[in-house]
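Asks: sequence first, then the predicted structure, then my questions.
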Amino acid sequence: MSDIAIKVDGLGKRYKIGMLQRHDTLRDQLAHFVGKRFARNGNGNHSSARGPAGQATSVTASDTLWALRDVSFEVKRGEVVGIIGRNGAGKSTLLKILSRITEPTTGYADIAGRIGSLLEVGTGFHPELTGRENIYLNGSILGMKRVEINRKFDEIVAFAEVEKFIDTPVKHYSSGMYVRLAFAVAAHLDPEILLVDEVLAVGDAAFQKKCLGKMGDVAKEGRTVLFVSHNLGAVNTLCGSAIWLDNGQVELVGQTEQAVTAYLSRGAQLSGERCWLGNEDSPGTSKIRLTAARVLNPDNEPISSVDVRRPVYVEIEYDVLKFLPSFRVAVRLLATDGTVILTSADSSNNCWEESSREPGRYASKCEIPGNFLNIGRYMLTISADIPFVEELFFVENCLSFHVEQTGSHSGRFPERWPGVICPKLDWHIERLDKPGVSAGK
């Protein structure tokens, strides 16, 4: 038997911009059917963008988009492989093709073994059904037999932590309860190949940690796993190798650390400054446009390296085009392995009610203190958003800079101490015994 679990050769996927999604999969059709039955009985609401003849309608558009183009790779049995890349790189499209949710335009993908997918958590759940009923419905959609669901039912409920509400319609669940139950059903499959897309983005911090632990258990069981995530720390922890996708094409296949470092370095400017024209090509929306991002020294000069003892400043310049009643500009600092060191927003210093901006050009600037970061290279991601409402712009790995060794932490010795950060903390030395007095007297 071949040791190749997944073989992808020349895979491509082309979309017509403006085309609405059809209910082309069994999962979509079952969920749509259940929704229609409840709608007919007056027990729920369901809307569908379908034409008079029952066919999906479409919006005409002349442009096409290649979500994937000429993608080729192999994954051996028992490997845990991360798939990384920017938003829109084609990661989710690749998993949907491998899951047989959508068909490729070119090329092929061979899958050897039973496949389980954790792609769109919660697909197939219906709000009018109880948690118990949704477990059986969703489990069936995901390929589990009733006897298998019976055997794992208690484990699924315990993992989701919804024991008290298992016979309550899920329309009364909080969003956290909903995603916990949906993930628990999907996570307790026993496939030979598991495809996972951003499951660590759901739920609260405690549940995300629980998800990560479950993914680790799956990996240790020797199953083949493809894991898509923007959490590069999790990718580093779980995956032995990684595939970096960019603009629908494979940029690199290699060891995880190598791929993550290359991905983070792509597009990160070493000049200390990156500028845009402020037009429609600039990151942003009709409300705001990013015009510049800079790494500055105390003299307000763009820099690509900084003395470990000195502060470094991050400046984000932007044009507000329409009055914004409340929003925030933020910066995220990452190490080269993808570890997020810190995130800070300009709303931290003001009351949320004071975060409005009239149209005009602005600059938000923050200080990273000296004697704080360790020696090494760092990446900056720049963003602006209206929390829980709208993302205004998001530029991954916008800039990078290097913190230079001066030996200040260890006195005379130029060495890099372990740790993500290396703050210079205050120490006080006090002699406890008195000179000339023996111990014990």
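Replies: Good, I have the coordinates.
Asks: the stretch 101-250 of the chain: strands as residue ranges?
Replies: Counting by DSSP state E, counting those that start in this stretch, the segments of the stretch 101-250 of the chain that form strands are 106-111, 115-118, 193-197, 224-228, 241-246, 249-255.
Asks: what do you get for the stretch 251-400 of the chain?
Replies: Under the criterion DSSP E, counting those that start in this stretch, the stretch 251-400 of the chain contains strands at 273-275, 288-296, 305-307, 312-320, 328-335, 340-345, 360-368, 376-386, 390-404.
Asks: run the chain-centre distance for the last one.
Replies: Meaning strand 390-404. In terms of CA atoms, centre = their mean, to the nearest Å, the centre of strand 390-404 is set 15 Å apart from its chain centre.
Asks: likewise the third one?
Replies: On the basis of CA atoms, centre = their mean, strand 305-307 is displaced by 30 Å from the centre of the chain it belongs to.
Asks: name the helices or strands packed onto that strand?
Replies: Contacts defined by 3 or more CB pairs under 8 Å, 6 or more residues apart in numbering; DSSP states H and E place strand 305-307 against strand 390-404. Every residue, glycine included, has its C-beta placed from N, CA and C.
Asks: these two touch, right, W244 and Q255?
Replies: No. Counting by CB atoms under 8 Å, W244 does not reach Q255; the two are 11.5 Å apart.
Asks: more neighbours, those two?
Replies: W244 (23 against 13; other CB atoms under 10 Å).
Asks: show me what contacts the more buried one?
Replies: Neighbouring residues of W244 by CB atoms under 8 Å, 6 or more residues apart in numbering: 84-85, 250-253, 259, 262-263.
Asks: the same query, at a cut-off of 10 Å, please.
Replies: If you count contacts by CB atoms under 10 Å, 6 or more residues apart in numbering, W244 has them with 82-86, 89, 91, 250-254, 258-260, 262-263, 266.
Asks: pick out the shakiest of the strands of the stretch 251-400 of the chain, pLDDT-wise.
Replies: Comparing mean pLDDT over those, the weakest stretch is strand 305-307, at a mean of 81.
Asks: okay, now the sheet partners of it, with direction.
Replies: Sheet pairing of strand 305-307 (DSSP bridges) gives strand 390-404 (parallel).
Asks: for the partner strand, C-alpha coordinates in CSV please.
Replies: The C-alpha coordinates for strand 390-404 follow below in CSV (Å, rounded to 0.1, in the frame of the first residue of the first chain):
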residue,chain,number,x,y,z
GLU,A,390,-16.5,46.2,10.3
GLU,A,391,-12.9,45.7,9.4
LEU,A,392,-11.5,48.9,7.8
PHE,A,393,-8.1,47.7,6.8
PHE,A,394,-5.7,44.8,7.7
VAL,A,395,-2.2,44.6,6.4
GLU,A,396,-0.3,41.5,7.5
ASN,A,397,3.5,41.8,7.9
CYS,A,398,3.4,45.4,6.8
LEU,A,399,6.9,46.2,8.2
SER,A,400,9.8,44.5,10.0
PHE,A,401,12.7,45.7,12.1
HIS,A,402,15.7,44.2,13.9
VAL,A,403,16.6,44.7,17.6
GLU,A,404,20.4,44.8,17.8
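Asks: can you give me the buried ones in it?
Replies: 392-401, 403 (16 or more other CB atoms under 10 Å).
Asks: repeat that for stretch 4-17.
Replies: Buried, per 16+ other CB under 10 Å, within stretch 4-17: 5-6, 8, 11-13, 15.
Asks: picking that back up, right, so of the strands of the stretch 251-400 of the chain, which gets closest to R431?
Replies: Smallest distance to R431 across the strands of the stretch 251-400 of the chain (CB to CB): 33.7 Å, for strand 305-307.
Asks: in that closest one, which residues are buried?
Replies: Quick answer for strand 305-307 (16+ other CB under 10 Å): 306-307.
Asks: ok, N297 touching E315?
Replies: No. With contact defined as CB atoms under 10 Å, N297 does not count as touching E315 (11.4 Å).
Asks: and the buried residues of strand 390-404 as JSON lines, adding distance to L194?
Replies: Converted to JSON lines, the buried residues of strand 390-404 look like this (distance: CB to CB, whole Å):
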{"residue": "L392", "distance to L194": "35"}
{"residue": "F393", "distance to L194": "34"}
{"residue": "F394", "distance to L194": "29"}
{"residue": "V395", "distance to L194": "32"}
{"residue": "E396", "distance to L194": "26"}
{"residue": "N397", "distance to L194": "28"}
{"residue": "C398", "distance to L194": "33"}
{"residue": "L399", "distance to L194": "36"}
{"residue": "S400", "distance to L194": "34"}
{"residue": "F401", "distance to L194": "38"}
{"residue": "V403", "distance to L194": "39"}
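Asks: returning to what we had before: now the strands of the stretch 251-400 of the chain as JSON lines including distance to R132?
Replies: Below are the strands of the stretch 251-400 of the chain laid out as JSON lines (distance: least, CB to CB, whole Å):
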{"stretch": "strand 273-275", "distance to R132": "53"}
{"stretch": "strand 288-296", "distance to R132": "46"}
{"stretch": "strand 305-307", "distance to R132": "58"}
{"stretch": "strand 312-320", "distance to R132": "49"}
{"stretch": "strand 328-335", "distance to R132": "41"}
{"stretch": "strand 340-345", "distance to R132": "38"}
{"stretch": "strand 360-368", "distance to R132": "49"}
{"stretch": "strand 376-386", "distance to R132": "37"}
{"stretch": "strand 390-404", "distance to R132": "36"}
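Asks: out of these, flag the one nearest K171.
Replies: With CB to CB as the yardstick, what comes closest out of the strands of the stretch 251-400 of the chain is strand 390-404 (25.7 Å).
Asks: so that closest one versus strand 376-386, what angle?
Replies: 160 degrees (axes from the mean of the first three to the mean of the last three CA atoms, to 10 degrees).
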